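In: okay, predicted coordinates and the sequence, questions at the end:
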Amino acid sequence: MTMNETPILDGAVLAELRESTGGDDDFVRELVEAYVSEATGYLAAMAAAVADPAAIVRPAHTLKSSSATLGATRLAAISRDIEEAGRAGRVDSLAADVSQAHATWTETLAALAAAGLAS
């Protein structure tokens, strides 16, 4: 599966999250609000660290994990690639990958809004 075939938002993950919270949609929306608030900082930190692979690892790892938890699978996959490149010390594609993460973030926000989870 290519990156473009990876879904922006995985409904099955969201359904599992809703089930794990006893169907508490307000709580799920609060989780999404926290994710949205924190993710912008991780994206900014990654953009600032495109020339420093060691510094990009932590924000990429955190964004990967939080995105996966909420079903933002494409952003999680891109963040994983950025994290792996940072760990390997590869800077050649970091700027393009971070740019792709920002574009995918916009799509992720739209998908979360369409799902009634973000404004």
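Out: Perfect, I can see it now.

In: only C-alpha atoms for contact and neighbour calcs from this point on.
Out: Fine.

In: any weak-confidence spans in the protein?
Out: Applying pLDDT under 70 to the chain flags residues 1-3.

In: now with 90?
Out: For the chain, applying pLDDT under 90 flags the ranges 1-5, 23, 118-119.

In: and the strands in it?
Out: Along the chain, counting by DSSP state E, no stretch forms strands.

In: give me the contacts around the longest helix seen in the chain.
Out: Counting residues, the longest helix found in the chain (DSSP state H) is helix 25-48. The contact list for helix 25-48 (CA atoms under 8 Å, 6 or more residues apart in numbering) reads 17-18, 21, 55-56, 59-60, 62-63, 66-67, 70, 95, 98-99, 101-102, 109, 117-118.

In: helices - which of these land there?
Out: Short answer: the contacts of helix 25-48 in helices (DSSP H) are 17-18, 55-56, 59-60, 62-63, 66-67, 95, 98-99, 101-102, 109.

In: out of everything not next to it in sequence, what's closest to Ser67?
Out: Excluding the flanking residues, the one nearest Ser67 by CA to CA, 6 or more residues apart in numbering is Ala76, at 5.1 Å.

In: look up how far Val98 lies from Thr62.
Out: 14 Å (CA to CA, to the nearest Å).

In: which one's more surrounded, those two?
Out: Ranked by neighbour count (other CA atoms under 10 Å), Thr62 and Val98 place Val98 first, with 24 against 18.

In: and the closest residue to Thr6 other than its chain neighbours, what is it in contact with?
Out: Spatial nearest neighbour of Thr6, chain neighbours left out: Arg74 (5.4 Å); criterion: CA to CA, 6+ apart. Arg74 is in contact with 3-4, 6-9, 104, counting by CA under 8 Å, 6+ apart.

In: from Glu84, how far out is Arg74?
Out: Counting by CA to CA, the gap from Arg74 to Glu84 is 15 Å.

In: returning to what we had before: report the buried members of the contacts of helix 25-48.
Out: By neighbour count, with 16 or more other CA atoms under 10 Å, those hold 17-18, 55-56, 59-60, 62-63, 66-67, 70, 95, 98, 101-102, 109, 117-118 as buried.
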